[in-house]
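Engineer: whatever this is, show me its structure:
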Amino acid sequence: MRIGGHPVHPMLVHFPVAFWTVAAAAYLAAAAGLDDRGIGIANFANGAGLIMAILAMIAGLSELRRLEARSEAMRVATWHLMVMATAWFCFLLALLLATAAETAIDRWTAQAGAAAGAGIGFILMALGGWLGGRLVYEFGVGAREKPKA
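Structural biologist: Got it, this is the predicted structure:
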C-alpha cells in the first residue's frame, strides 16, 4: 500500500508507538496508585493504539509481497510481524484487564495485570521496532533503490 510511491506503513507505525507508550506509563501509574485518572487515559490511548496498529499491520502486510520469499529480509519481516502481533495482543489483554478492574473485586490485581500486559507489550513493541529498522536500514525495504553498501 503506497501513496505517491511512498509506503504507508512507516507513516502509520508512529501512532501506535506513541499511544502505547502513553498507555504503558499510565497503566503503571495506576497500578502504583499514583493517579486514579491513569486507567481512563491508559484505556483511551491503548484503544487508539490498537486501532492504529491494525491499520499499520494492513499496510505492512501489503508490503510483504515486494520481498523475495526465501530472503533474509523476509525472515526478518516475518519475525517483525510475529513480534508486533504479539505486542498487539499484550496491549489488548491490558485493555481487557483494565476494563475488568472497574468491576473486579480485587481491583489492584486487575490493574497490575493490565500494567504487566502493557509493560510486556512495550518491550515487544521496542523489539519489533528494532526489527522494522533492520528492514529499512539494512535491507532497504520501502526504498526506491537499494542503499549502496
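Engineer: the helix or strand containing L97 packs against which elements?
Structural biologist: Counting by DSSP states H and E, the element that carries L97 is helix 72-101. Under the contact definition 3 or more C-beta pairs under 8 Å, 6 or more residues apart in numbering; DSSP states H and E, helix 72-101 sits against helix 14-31, helix 38-64, helix 107-137. Backbone N, C-alpha and C define where each C-beta goes, glycine included.
Engineer: give the buried residues for that helix.
Structural biologist: Residues 73-74, 76-77, 80-81, 83-84, 86-88, 90-95, 97-99, 101 are the ones in helix 72-101 that count as buried (16 or more other C-beta atoms under 10 Å).
Engineer: state the mean pLDDT of it.
Structural biologist: What helix 72-101 shows for mean pLDDT is 95.
Engineer: chain center to it, what's the gap?
Structural biologist: 6 Å (C-alpha atoms, centre = their mean, to the nearest Å).
Engineer: angle of it against helix 14-31?
Structural biologist: Orientation check (axes from the mean of the first three to the mean of the last three C-alpha atoms, to 10 degrees): helix 72-101 against helix 14-31 gives 40 degrees.
Engineer: L92: what's it in contact with?
Structural biologist: Listed by C-beta atoms under 8 Å, 6 or more residues apart in numbering, the contact partners of L92 are L50.
Engineer: distance check, it against P7.
Structural biologist: Note on L92: its distance to P7, by C-beta to C-beta, to the nearest Å, is 25 Å.
Engineer: same deal with I54?
Structural biologist: Distance from I54 to P7, by C-beta to C-beta: 17 Å.
Engineer: how much space separates the residue positioned nearest the centre of the chain from W88?
Structural biologist: Closest to where the C-alpha atoms of the chain average out (C-alpha atoms, centre = their mean) is M125, at 4.9 Å. Going from M125 to W88 by C-beta to C-beta gives 9 Å.
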